[in-house]
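Chemist: Curious how this folds, go ahead:
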Amino acid sequence: MSPLEKDFEQLNRSLAVFQENEPEYLTFFGVRKYKPSELGISARNINNWSDNGLLPSNKKKGWHRFSLTECIWLKIIQNLRELNLPLETIKQIKEDLFHKTDLEHIFENKEILDFLKNFIQEKERETFTEIINSKELKEIISAQQLTSLDSIVMDLIFTRSNFRLLFTKDGHLMLHKDNYEDYLETIPEYREMLKSTHISISLNRVFADITKELIEDEDLKNLQILTDQELEIIDIIREKGTKKIEIYFGKDEKPELLKITKQNILVSETRLKELILVGGYQDIKITTEKGKIVNFENTKKIKL
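Modeler: Residues are numbered from 1 along each chain as shown. I've put the predicted structure just below:
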């Protein structure tokens with residue numbers, strides 16, 4: 001299965017879930033409801049960025065609520081400033097990311113739509129056509145004119161792809177999408193970018209940071225960027241004492257086995273017995289010094 005086919009397969013699944021949880025899912029992206037303080041960004045920084053033209057052109061000084069896409073942009077600014085990228089260079093990057101995309105023209109182009117349908121399974125083509133012809137999609141395209149960054153964020157959420165923004169010190173920008181390396185390698189500018197000194201920012205990490213900071217927001221919960229299984233794995237990773245986790249994937253490319261290694265402090269042999277699983281599967285490594293246990297590692301195997 002090609003990367004594009006995988007994207008469309010995931011797109012159909014994600015849209016079905018998203019429509020169920022957030023019926024007006026397309027208008028969600030344009031709602032300004034988030035405060036910079038919720039993202040750990042001070043009003044002083046916001047005003048400074050506004051004075052230097054780094055905020056979207058329709059944002060004015062004193063306006064302190066932002067859409068999801070704009071929140072991601074604020075985090076990108078924060079990352080770039082931490083790397084001492086000049087304000088003028090960031091402003092140039094903003095112009096590229098907030099360029100309006102002519103999606104109305106794209107979706108009215110029969111040749112483009114027919115080309116896209118070639119990558120969709122026949123049984124899913126009717127759903128694809130319904131999405132393209134949906135009232136919600138036409139309204140948001142007509143009313144809001146999605147920016148380049150809007151399109152990337154929607155792609156990230158709906159196809160659950162991994163995106164990175166690549167920047168040079170002079171503000172030249174390129175987008176990297178995992179699994180599309182073969183195609184990207186055919187683009188001379190992309191090859192030159194990889195050869196040069198550049199900055200790489202993971203949009204998935206930025207998005208994860210935002211959803212963590214806005215954890216109480218029900219709309220973001222409804223995006224369901226992670227499956228229940230993936231959330232379970234993350235919870236395990238966060239458990240106290242976890243030193244290493246290995247994930248084994250099956251033929252369907254889904255996780256099927258976890259090996260979790262934890263480092264424990266032992267104060268007695270009784271404690272050792274407590275750490276041995278009854279009826280479980282585990283590997284135990286014990287290091288001793290002068291007859292006393294100084295290190296205990298316990299690797300559990302969990303079948304998903």
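Chemist: Assign Asn79 to helix, strand or coil.
Modeler: Judged by DSSP: H, G, I helix; E, B strand; the rest coil, the three-state class of Asn79 is helix.
Chemist: partners of the closest residue to it other than its chain neighbours in the sheet?
Modeler: Of all residues beyond its chain neighbours, the one nearest Asn79 is Ile201 (5.4 Å), with distances taken as CB to CB, 6 or more residues apart in numbering. Heads up, the C-betas are built off the backbone N, CA and C, glycines and all. For Ile201, the beta-bridge partners under DSSP bridges are Leu165.
Chemist: if I pick Ile201, what's in contact with it?
Modeler: With contacts taken as CB atoms under 8 Å, 6 or more residues apart in numbering, Ile201 has the following neighbours: Ile76, Asn79, Leu80, Arg164, Leu165, Phe167.
Chemist: Pick the one among these closest to Asp178.
Modeler: Asp178 lies nearest to Arg164 out of these, by CB to CB, at 8.1 Å.
Chemist: Now for the closest one, how many residues are close by?
Modeler: Residues near Arg164, counting by other CB atoms under 10 Å, number 16.
Chemist: In this structure it contacts His176, no?
Modeler: Yes - with contact defined as CB atoms under 8 Å, Arg164 counts as touching His176 (4.3 Å).
Chemist: Pull up the overlap in contacts between those two.
Modeler: Going by CB under 8 Å, 6+ apart, residues that sit against Arg164 and also against His176 are Ser200.
Chemist: Tell me where the stretch 201-304 of the chain has strands.
Modeler: 242-249, 255-264, 282-289, 292-303 (DSSP state E, counting those that start in this stretch).
Chemist: Reformat the ones you listed as CSV; add distance to Ile72 and mean neighbour count.
Modeler: Written out in CSV, the entries for the strands of the stretch 201-304 of the chain read as follows (distance: least, CB to CB, whole Å; neighbours: other CB atoms under 10 Å):
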stretch, distance to Ile72, mean neighbour count
strand 242-249, 27, 12
strand 255-264, 27, 16
strand 282-289, 41, 11
strand 292-303, 34, 14
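Chemist: Kindly reformat these as CSV and extend each row with distance to Asn48.
Modeler: Written out in CSV, the entries for the strands of the stretch 201-304 of the chain read as follows (distance: least, CB to CB, whole Å):
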stretch, distance to Asn48
strand 242-249, 39
strand 255-264, 44
strand 282-289, 52
strand 292-303, 48
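Chemist: so can I have TSV of those strands showing mean pLDDT and distance to Leu87?
Modeler: Conversion of the strands of the stretch 201-304 of the chain to TSV gives the following (pLDDT from 0 to 100; distance: least, CB to CB, whole Å):
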stretch	mean pLDDT	distance to Leu87
strand 242-249	83	40
strand 255-264	81	43
strand 282-289	75	52
strand 292-303	76	48
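Chemist: which of the contacts of Ile201 sit farthest apart?
Modeler: Checked with CB to CB, the contacts of Ile201 reach their widest spread between Leu80 and Arg164, with 13.7 Å between them.
Chemist: And the protein, what are its domain boundaries?
Modeler: Annotated domains of the chain cover 3-225, 229-303 [automatic domain parsing].
Chemist: any low-confidence regions in the stretch 101-250 of the chain?
Modeler: Per-residue confidence of the stretch 101-250 of the chain (counting by pLDDT under 70) places the weak regions at 101-125, 128, 131-132, 135-145, 212-228, 230-231, 234, 238.
Chemist: Going by distance to Arg65, which of the contacts of Ile201 wins?
Modeler: Proximity of those to Arg65, judged by CB to CB, is greatest for Ile76, which lies at 18.2 Å.
Chemist: can you redo the contacts of Ile201 as CSV with distance to Pro255?
Modeler: Written out in CSV, the entries for these read as follows (distance: CB to CB, whole Å):
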residue, distance to Pro255
Ile76, 30
Asn79, 29
Leu80, 34
Arg164, 23
Leu165, 28
Phe167, 33
